[in-house]
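Novice: A structural model of the following input is requested.
(chains A and B)
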There are 2 protein chains.
Amino acid sequence: MSRLLAVDWGTSSLRGALLAPDGKVVEQRTFARGILTVAPGEFPAVFDSCFGAWMNPETLCLISGMAGSQQGWLEAPYCPCPAGFDDIAGQLAWVEPGLIAIVPGLSIETGGVPDVMRGEETQVFGALQLLGLDNARLVLPGTHSKWVTVSNRRVTDFSTWMTGEFYALLRQHSILARTLPATDPAPDAAAFEQGVAHALRSQGLLHTAFSTRTLSLFKRMATGALPSYLSGLVIGEELKSQSLQHGDSVVVMGAPALTSRYEQALALLGVSAQRVSDGATWRGLRAIADTLPQH
Amino acid sequence: MSRLLAVDWGTSSLRGALLAPDGKVVEQRTFARGILTVAPGEFPAVFDSCFGAWMNPETLCLISGMAGSQQGWLEAPYCPCPAGFDDIAGQLAWVEPGLIAIVPGLSIETGGVPDVMRGEETQVFGALQLLGLDNARLVLPGTHSKWVTVSNRRVTDFSTWMTGEFYALLRQHSILARTLPATDPAPDAAAFEQGVAHALRSQGLLHTAFSTRTLSLFKRMATGALPSYLSGLVIGEELKSQSLQHGDSVVVMGAPALTSRYEQALALLGVSAQRVSDGATWRGLRAIADTLPQH
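Specialist: Numbers count the residues shown, from 1 in each chain, chains lettered A, B, ... in the order given. Predicted coordinates for the structure are as follows:
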């Protein structure tokens, strides 16, 4: 087991952590150098300027996230599901053999339609380690939420939900934007739950979204509560499609403000949420490193 | 039965038709003077400049559409459903008593959530007359599609679907816009049907929309086919929620390019579509006028 430089290189940010062989984080750095800010060919220089001082021949660097996409440093082909830890570890894309590698994303095909993730697979495997789970249902909420099913430590199913992006589209660009306040007031838990409940019992977001307008038109909801209500509608719509049963448990990981909303919405379904402490990505990368024979 | 000036005053356009007592259209005019272009207080002057020459003490004018909204000429309160022809005719909002009236929209409440329409009620009643129907399921596709159920010539149920607006949001503002061609190529019927079929068998638009990206990423669909595919996804999502049975018949009314798509999608469900010839609004307004005792 060597020293590991764990890097999460996403669309909009670049984070790195130096890990001791026991997985302990020695130091962390964050940069506003997501792959969208890096021109083709510039990746080695950006990497060097951010993390060069941490690298030496005894240090393995593993990079997860969009750095492995077509627009990234080096394309790491998707690893098809079902996929376990060893599948991912066995398909690293080596930038510098034995030194710097990029973790592949996962792909799955359902009814002839593919789905993909990049970066979340590492978070998922890290979360399993942190929570000591071999089987789990996980959700990683965000612009594009991922729902992931893990059986016997293998990702057997996953799907992408454009929930955060739909919210932003409706909030900013739709006719509803004229009804909503210009800036978001404090979250309104009751309005959020009302939105979730309406989504759960209704026929679909194309219809329920319009209620944001009519509730305001008929003065049934204060303007300040409407953004929370709309958030409840989209999150409720996402949850409704997950075939969740009363008594189920779901691992929720992501930004605290968002995971809190998911926990609140899951509670309405009688589903308990299990949180993951910080560091799932680092733990996942450490575990992949430990799987490699030479480290 | 008097001469009727039938006016459809919507958000973005203003149309008027002079109708003979037998309902025959004598003359029609269209103006780019939707209510969004008219300042409060300006409505009488705009009406005069557009239709003043047609008015005389023997002419009744009925106006349907958003002219009856809060932002319109005179607010015509919604008529609650179930509502028949006579309910609407009995709740006209008179701008000039006996001369100029605005047709009320319809409202309905389902599970504590209101829904509304303004203008479509007139089209629906006109369509019933044109087709000789007392009972029907109707769809008026558009930015905000309306699904309407008529029993014994009364609107017993309706709902709004933001289908056209969701398509535009995804087409123009979402991450999918980066994958789609800048301008729309000719419609691709096969890609459209593939979109409808995927929506019908899948769990929801928040998820299926992402396939527009992955099908392109995996080179499973040509870029030029993606807009039609996305259109199929949203229309399929709308249809999926309507509890349609094989063998059902639905009245489809709206712009020809859009009604054709709905007919194509309905055919995939084994549902036949009945078209309405032009002039449903004029026919509806004529029928309301004929209901009034004084005309």
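Novice: How far does stretch A:191-203 sit from its chain's centre?
Specialist: Chain-centre distance of stretch A:191-203: 24 Å, with Cα atoms, centre = their mean, to the nearest Å.
Novice: what does stretch A:41-53 give?
Specialist: From the chain centre to the centre of stretch A:41-53 is a distance of 25 Å (Cα atoms, centre = their mean).
Novice: pLDDT of it, averaged?
Specialist: Mean pLDDT, stretch A:41-53: 96.
Novice: Can you pull out the residues in contact with it?
Specialist: A:5, A:7, A:14, A:16, A:29, A:31, A:33, A:38, A:61, A:67, A:72-74, A:95, A:100 (Cβ atoms under 8 Å, 6 or more residues apart in numbering or on different chains). To be clear about C-beta, it is placed using only N, CA and C from the backbone, and glycine gets the same treatment.
Novice: same thing but at 7 Å, please
Specialist: A:L5, A:V7, A:L14, A:G16, A:R29, A:F31, A:R33, A:V38, A:W73 (Cβ atoms under 7 Å, 6 or more residues apart in numbering or on different chains).
Novice: Mind telling me what element the fifth one is part of?
Specialist: A:R29 is part of strand A:25-31, with elements assigned from DSSP states H and E.
Novice: That strand - contacts with which helices or strands?
Specialist: strand A:14-19 (3 or more Cβ pairs under 7 Å, 6 or more residues apart in numbering or on different chains; DSSP states H and E).
Novice: try 10 Å
Specialist: strand A:3-9, strand A:14-19, helix A:43-51, helix A:280-291 (3 or more Cβ pairs under 10 Å, 6 or more residues apart in numbering or on different chains; DSSP states H and E).
Novice: Could you provide these in JSON lines, with additional columns for mean neighbour count?
Specialist: Shown next, in JSON lines, are those (neighbours: other Cβ atoms under 10 Å in any protein chain shown):
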{"stretch": "strand A:3-9", "mean neighbour count": "25"}
{"stretch": "strand A:14-19", "mean neighbour count": "22"}
{"stretch": "helix A:43-51", "mean neighbour count": "16"}
{"stretch": "helix A:280-291", "mean neighbour count": "24"}
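Novice: Would you mind giving the ones you listed as TSV with distance to B:A191 added?
Specialist: Listed next are the helices and strands packed on strand A:25-31 as TSV, based on distance: least, Cβ to Cβ, whole Å:
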stretch	distance to B:A191
strand A:3-9	34
strand A:14-19	37
helix A:43-51	35
helix A:280-291	38
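Novice: just the strands in the stretch 51-200 of chain A please.
Specialist: Per DSSP state E, counting those that start in this stretch, the stretch 51-200 of chain A carries strands over the ranges A:59-64, A:79-80, A:83-84, A:93-96, A:100-102, A:106-110, A:113-117, A:136-140, A:145-151, A:154-161.
Novice: The strand holding A:R29 pairs with which strands, parallel or anti?
Specialist: Partners of strand A:25-31 in the sheet, by DSSP bridges, are strand A:14-19 (antiparallel).
Novice: Settle this for me: A:A190 is touching A:G224, isn't it.
Specialist: No: using Cβ atoms under 10 Å, A:A190 is not in contact with A:G224; the gap is 11.8 Å.
Novice: So for stretch A:84-104, mean pLDDT?
Specialist: Mean predicted confidence for stretch A:84-104 is 95.
Novice: quick one: is it near chain B?
Specialist: No: Stretch A:84-104 is not in contact with chain B by Cβ under 10 Å from any Cβ of the partner chain; minimum separation 14.4 Å.
Novice: Buried ones in that stretch, by neighbour count?
Specialist: A:84-85, A:87-89, A:91-93, A:95, A:100-104 (16 or more other Cβ atoms under 10 Å in any protein chain shown).
Novice: Let me see the contact set for A:I88.
Specialist: A:I88 is in contact with A:64, A:76, A:79, A:103-106, A:121-122, A:125, A:155, A:284, A:287-288, A:291, counting by Cβ atoms under 10 Å, 6 or more residues apart in numbering or on different chains.
Novice: Spatially nearest residue to the residue located most distally from the centre of chain A, not counting backbone neighbours?
Specialist: Centroid-distance maximum for chain A: A:F218 at 37.5 Å, with Cα atoms, centre = their mean. Excluding its sequence neighbours, the residue lying closest to A:F218 (Cβ to Cβ, 6 or more residues apart in numbering or on different chains) is B:P114, at 4.9 Å.
Novice: The one you found touches B:G105, doesn't it?
Specialist: No: using Cβ under 10 Å, B:P114 makes no contact with B:G105, being 11.5 Å away.
Novice: shared neighbours, those two?
Specialist: Contacts common to B:P114 and B:G105, judged by Cβ under 10 Å, 6+ apart, are B:Y78.
Novice: Have a look at those two and say which one is more surrounded.
Specialist: B:G105 (23 against 18; other Cβ atoms under 10 Å in any protein chain shown).
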